[in-house]
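K.L.:
whatever this is, show me its structure:
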Amino acid sequence: MDSTSLSPVRPILRLRKDPIVDSVCEARFAAASPSLSVVLPGILAAEFKSEVHSIVQTGAASFPEPIAQLDSSIAFTPKHRLFGTNGWVINVADRAVSVGFTGSYPGWEKFHPIIERVFKTVFASGMAPAVERFSAKYVNFFENASNSAASISEVLRVAVALGDQQVGSEPLLLRVETKSDEIISVVQVLHPANLQQSGATARRGLVLDIDTVLNGPFPDLESTFMSRIEEVRNEEKRVFFSLLTPAMLEKCEPEYE
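P.N.:
Here you go, the predicted structure:
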């Protein structure tokens with residue numbers, strides 16, 4: 001997680017032990033464009049050239065058109081994925097383009113230029129319909145110190161009760177939507193959860209998933225896209241740090257200005 005502030009006195013530059021395990025920036029378009037998922041992967045591959053080590057066609061590319069018309073979510077399902085040599089992945093669907101990192105988060109200073117290049121290429125192609133929404137999503141994983149389930153309140157400033165019974169270390173799946181001005185944050189908490197990353201031993205802990213969304217319409221988005229992405233990212237950071245307990249923040253080893 002990059003710089004933010006819990007107070008005006010001690011702004012945080014970064015976390016040495018960053019809990020982010022997945023990050024993605026996505027734009028969704030107002031209309032389906034089958035040619036987008038067919039032609040755009042080649043245009044993006046040309047833009048990134050030697051930085052792309054593989055291009056994969058997903059199972060969604062073989063969906064018959066009648067089935068795709070019955071399920072609107074298929075239009076947002078990636079048909080092609082471009083894998084970068086430094087860990088990024090670009091996903092292209094009929095009505096969506098996204099870019100992100102799975103695994104170790106490289107920091108905003110490295111994520112930002114990849115986002116900018118991807119969407120400059122998308123807009124310059126002239127193939128994308130109007131953007132109807134875009135979002136920044138971060139999935140955070142907090143590992144338990146032992147095999148026993150930790151109390152949710154040890155990790156997050158979240159209190160849940162069923163009548164008189166407080167939910168502590170019991171299994172929990174929580175989804176809440178909050179709004180700040182135009183930006184909607186969809187916060188999900190899963191506890192306990194197992195994390196299995198490639199080449200690593202499975203870990204048990206708590207997942208905090210924050211999907212921060214801005215809905216259109218967006219006049220002149222091509223010229224303002226990155227500044228709007230910054231707005232969404234800053235709101236995601238605000239929500240994230242507002243949910244961490246002081247003890248968990250210190251475990252993440254923040255670096256202050």
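
K.L.:
the strands in the stretch 101-250 of the chain, which residues?
P.N.:
For the stretch 101-250 of the chain, the strands defined by DSSP state E, counting those that start in this stretch cover 131-143, 160-162, 165-167, 172-180, 183-195, 203-215.

K.L.:
who's in contact with the nearest residue to Glu47 once chain neighbours are set aside?
P.N.:
Among residues not flanking Glu47 along the chain, Thr121 sits closest, at 4.7 Å (CB to CB, 6 or more residues apart in numbering). From N, CA and C alone the C-beta is placed, and that goes for glycine too. Neighbour list for Thr121: 43-44, 47 [criterion: CB atoms under 8 Å, 6 or more residues apart in numbering].

K.L.:
in stretch 206-225, what's buried?
P.N.:
206-214, 216, 218, 221, 225 (16 or more other CB atoms under 10 Å).

K.L.:
give me the phi and psi for the residue of the chain positioned farthest from its centre.
P.N.:
Within the chain, Asp164 marks the point farthest from the mean C-alpha position, 35.2 Å out by CA atoms, centre = their mean. Main-chain dihedrals, Asp164, degrees, to the nearest 10: phi -90, psi 0.

K.L.:
how close does it get to Leu174?
P.N.:
As defined by CB to CB, to the nearest Å, Asp164 lies at a distance of 19 Å from Leu174.

K.L.:
quick one: the helices in the stretch 1-150 of the chain, in order.
P.N.:
Using DSSP state H, counting those that start in this stretch, the helices of the stretch 1-150 of the chain run over residues 34-48, 65-70, 108-125.

K.L.:
of all those helices, which one is nearest Val24?
P.N.:
helix 108-125 (9.8 Å; CB to CB).

K.L.:
for the closest one, buried residues please.
P.N.:
For helix 108-125, the buried set under the neighbour-count rule, 16+ other CB under 10 Å, comprises 108, 111-112, 114-115, 117-119, 121-123.

K.L.:
and for stretch 187-198?
P.N.:
Here stretch 187-198 shows 187, 189-193, 195 as buried, counting by 16+ other CB under 10 Å.

K.L.:
what about Asp18, distance to Asn144?
P.N.:
Distance from Asp18 to Asn144, by CB to CB: 18 Å.

K.L.:
poorly predicted segments of the stretch 1-150 of the chain, please.
P.N.:
The model of the stretch 1-150 of the chain has pLDDT under 70 over residues 1-9, 34, 66, 68-69, 146-149.

K.L.:
swap in 80 and give it another go.
P.N.:
For the stretch 1-150 of the chain, the stretches with pLDDT under 80 are 1-11, 32-35, 63-70, 72, 145-150.
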